[in-house]
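K.L.:
Need a 3D model of the sequence below.
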Amino acid sequence: MFPAALVAAGFSSFADAETLTAAPDRPLQALLDGARAGDVIELAPGEYHGSVRIDRPLELVGRQGAVLDGEGADNVITVSAPDVTVRGVTIRGSGRDLQAMNSGIFLQKTAERAKIENNRLVGNLFGVYVHGAQGSRVVHNEIEGLRGGRLSEAGNGVSLWNAPDVTIADNTFRYGRDGIFSISSRNDRFVRNRFEQVRFAIHYMYTNDSEVSGNVSIGNHVGYAIMYSSRLVIRDNVSDHDRDHGLLFNYANYSEIDGNRVTGGLLSTAMDSAEDGPNDERGMLPEPKRERALRSGPEKCVFIYNTNHNKFRNNWFERCAIGVHFTAGSEGNEITGNAFISNANQVKYVGTRHLDWSTGGRGNYWSDNPAFDLNGDGIADTAYRPNDLIDRVLWTAPAAKVLINSPAVQVIRWAQAQFPALLPGGVIDSHPLMSPPKRRTAEEAR
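P.N.:
So this is what the prediction gives:
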């Protein structure tokens with residue numbers, strides 16, 4: 001009966017909740033301090049100045065034109081209570097102290113199940129900092145970080161530390177350091193977000209049993225940097241003209257990397273870069289160098305370093321300088337059903353082991369494979385080797401490229417083709433596909 005009485009008391013308290021209207025000419029903190037659990041604080045249009053703290057479960061809702069301005073000090077909003085909602089507010093002007101983690105919205109560990117929805121966060125050091133607030137949701141927000149300074153002095157759009165069961169979905173990120181940075185967490189979902197003009201779109205460190213799916217990264221330094229994390233689902237993400245890497249894996253293990261697309265080549269859409277200016281001290285390339293980098297596409301579609309026991313399936317890697325750079329003892333990976341399209345170098349593997357990138361009689365599609373399929377089963381009649389001895393020489397001694405068209409080099413390549421035993425260890429696809437796998441539509445991906 002005692003727990004039932006507590007529940008009844010809680011329902012009674014929320015049943016008495018009311019909507020309180022704030023005005024720019026009255027102190028907002030006083031209204032928050034006088035509110036009861038379950039109340040709705042509605043911000044009338046206008047600017048509200050100074051930092052505020054929410055220490056009880058309530059909703060802070062802004063009408064169109066409602067702006068909270070922290071005036072360059074501390075967090076604009078600090079939430080310490082569970083079950084708080086912040087919706088429909090423009091939030092700007094946090095402090096600039098990285099060690100203090102100054103943010104537009106700072107969710108303390110006790111702010112469990114917070115909902116940050118449909119807000120515009122602009123000009124804050126960190127947009128939203130989820131500091132241990134389990135079960136929180138950050139959805140449908142527009143988050144723009146700091147611009148014009150050094151990249152090392154900027155914060156992230158959303159930072160997440162030790163906060164399980166968090167969902168970050170359907171947000172738009174621009175500027176600042178990383179779009180989403182997660183460290184020491186688990187069971188989180190980052191889905192359907194869009195990233196432009198940041199360093200890393202999504203940056204994972206020590207975050208396990210989580211999902212990254214349906215996100216779009218355009219013109220950033222790196223699309224998806226997955227480090228020291230295990231048992232992930234990385235599915236149906238897009239990296240479009242990211243500068244260095246589309247996908248980067250460093251000690252990421254036992255994960256499924258499925259249906260992702262990385263493309264480089266000529267830039268098909270104009271980038272909004274005029275506002276960036278020529279200053280390159282913040283880590284962004286100055287114009288016109290940055291435009292040339294965007295037009296050439298990623299240096300590497302995917303970089304796999306010390307990454308083990310993963311399943312790379314049905315991914316599309318197109319028009320990068322290197323399709324896959326595979327190194328540092330990565331073992332036990334299944335790489336099948338992927339499409340390698342028009343990369344300058346399809347694979348770079350500096351090692352002596354023999355790696356067969358086919359499973360169950362099915363390999364990958366290689367656009368530069370001049371193969372035949374006499375029995376019409378969709379599998380090439382001969383194996384495909386993306387690299388040979390000459391490639392390895394060029395990787396270790398780039399100056400040797402002046403000899404690439406010499407008769408001696410051509411004789412060596414001919415001999416290796418006729419006598420495969422002469423080939424060094426490396427990647428072989430024993431069952432290459434004759435056509436690329438069908439790419440999933442957006443509806444199928446969802």
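K.L.:
Report the beta-bridge partners for the spatially most central residue of the chain.
P.N.:
Per Cα atoms, centre = their mean, the C-alpha nearest to the average position across the chain is that of Ile202, at 2.5 Å. Judged by DSSP bridges, the bridge partners of Ile202 are Ile180, Tyr224.
K.L.:
Please name the residues that touch it.
P.N.:
178-180, 182, 190, 193, 195, 212, 215, 217, 223-225 (Cβ atoms under 8 Å, 6 or more residues apart in numbering). The way it works is simple: take the backbone N, C-alpha and C, and place the C-beta from them, glycine included.
K.L.:
In those, which residue is surrounded by the most others?
P.N.:
Gly179 (34 neighbours; other Cβ atoms under 10 Å).
K.L.:
Leaving out the residues flanking it, which one is nearest to Phe372?
P.N.:
Distance criterion Cβ to Cβ, 6 or more residues apart in numbering; nearest residue to Phe372, sequence neighbours excluded, is Asp381 at 5.2 Å.
K.L.:
quick one: that neighbour is in a strand?
P.N.:
No. Counting by DSSP: H, G, I helix; E, B strand; the rest coil, Asp381 falls outside a strand, being coil.
K.L.:
Let me see the confidence value for it.
P.N.:
The per-residue pLDDT reported for Asp381 equals 90.
K.L.:
for Leu403, same thing?
P.N.:
Per-residue confidence (pLDDT) for Leu403: 57.
K.L.:
Where does the record place the domain boundaries for the protein?
P.N.:
For the chain, the structural domains run 15-144, 175-191+200-387+426-446, going by automatic domain parsing.
K.L.:
Quick check: beta-bridge partners of the spatially closest residue to Leu433 that is not a sequence neighbour?
P.N.:
Spatial nearest neighbour of Leu433, excluding adjacent residues (Cβ to Cβ, 6+ apart): Tyr365 at 4.2 Å. Legend: beta-bridge partners of Tyr365 under DSSP bridges are Ala339, Leu433.
K.L.:
thinking Tyr365 is in contact with Pro436, fair?
P.N.:
Yes. With contact defined as Cβ atoms under 8 Å, Tyr365 counts as touching Pro436 (4.3 Å).
K.L.:
For the two, indicate the residue with more neighbours.
P.N.:
Counted by other Cβ under 10 Å, Tyr365 and Pro436 do not tie: Tyr365 has more neighbours, with 21 against 18.
K.L.:
Show me where the stretch 301-446 of the chain has its helices.
P.N.:
In the stretch 301-446 of the chain, the helices defined using DSSP state H, counting those that start in this stretch lie at 389-396, 407-418, 442-445.
K.L.:
Over to the stretch 1-150 of the chain?
P.N.:
Under DSSP H, counting those that start in this stretch, the stretch 1-150 of the chain gives helices at 2-15, 28-34.
K.L.:
what sits up against the last one?
P.N.:
Read it as helix 28-34. 20, 22, 41, 43, 48, 50, 52-54, 58, 60, 68.
K.L.:
ok, of those, which come out buried?
P.N.:
22, 41, 43, 48, 52-54, 58, 60, 68 (16 or more other Cβ atoms under 10 Å).
K.L.:
ok, so of those, who is nearest Thr78?
P.N.:
Proximity of those to Thr78, judged by Cβ to Cβ, is greatest for Arg53, which lies at 4.7 Å.
K.L.:
which residue packs closest to that closest one, ignoring adjacent ones?
P.N.:
Nearest one to Arg53, counting by Cβ to Cβ, 6+ apart, is Thr78 at 4.7 Å.
K.L.:
Test my guess that the one you found contacts Val84.
P.N.:
No. The pair Thr78 / Val84 is not scored as a contact, 10.5 Å apart, by Cβ under 8 Å.
K.L.:
how near is Thr382 to Tyr349?
P.N.:
20 Å (Cβ to Cβ, to the nearest Å).
K.L.:
ugh, wrong one, I meant Val84
P.N.:
When Val84 is compared with Tyr349 (using Cβ to Cβ), they lie 50 Å apart.
K.L.:
the more surrounded of these two?
P.N.:
Shown here are Val84 and Tyr349; by other Cβ under 10 Å, Val84 has more neighbours (25 against 21).
K.L.:
how close does the more buried one sit to His309?
P.N.:
In terms of Cβ to Cβ, Val84 sits 40 Å off from His309.
K.L.:
now swap in Val262 and tell me
P.N.:
Val262 is 22 Å from His309, where distance means Cβ to Cβ.
K.L.:
When the two are compared, which one has more neighbours?
P.N.:
The residue with more neighbours, out of Val262 and His309, is Val262; 29 against 14, by other Cβ under 10 Å.
K.L.:
residues in contact with the more buried one?
P.N.:
Val262 neighbours (Cβ under 8 Å, 6+ apart): 223, 238-239, 242, 246-247, 298, 301-302, 315-318, 320.
K.L.:
try Leu146
P.N.:
With the criterion set at Cβ under 8 Å, 6+ apart, Leu146 makes contact with 123-125, 153-155, 175-176.
K.L.:
top of these by neighbour count?
P.N.:
Asn124 (29 neighbours).
K.L.:
Which per-residue confidence value corresponds to it?
P.N.:
On pLDDT, Asn124 comes in at 97.
K.L.:
do the same with Met434
P.N.:
92.
K.L.:
neighbours around it, how many?
P.N.:
Met434, neighbours per other Cβ under 10 Å, totals 15.
K.L.:
so where's the stretch 251-400 of the chain shaky on pLDDT?
P.N.:
Within the stretch 251-400 of the chain, the stretches with pLDDT under 70 are 266-297, 328, 351-352, 387-400.
K.L.:
Now pLDDT and distance to Asp170 too, for the contacts of Ile202, in CSV please.
P.N.:
Formatted as CSV, the contacts of Ile202 follow (pLDDT from 0 to 100; distance: Cβ to Cβ, whole Å):
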residue, pLDDT, distance to Asp170
Asp178, 97, 18
Gly179, 97, 13
Ile180, 98, 13
Ser182, 98, 17
Phe190, 98, 11
Asn193, 98, 7
Phe195, 98, 13
Val212, 98, 14
Asn215, 98, 10
Ser217, 97, 15
Gly223, 97, 18
Tyr224, 98, 17
Ala225, 97, 21
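K.L.:
out of those residues, who's nearest Leu98?
P.N.:
Asp178 (13.2 Å).
K.L.:
Identify the residues contacting that closest one.
P.N.:
Contacts for Asp178 (Cβ under 8 Å, 6+ apart) come out as 156-157, 198-203.
K.L.:
Apply 10 Å and report the result again.
P.N.:
By Cβ atoms under 10 Å, 6 or more residues apart in numbering, the contact list for Asp178 reads 145, 151, 154-159, 195, 198-203, 220-222, 225.
K.L.:
what does Ala383 give?
P.N.:
Ala383 sits in contact with 356, 358, 363, 369, 371, 420, 428-432, where contact means Cβ under 10 Å, 6+ apart.
K.L.:
Most neighbours among those, which one?
P.N.:
In the contacts of Ala383, the most neighbours by other Cβ under 10 Å go to Asp429, 27 neighbours.
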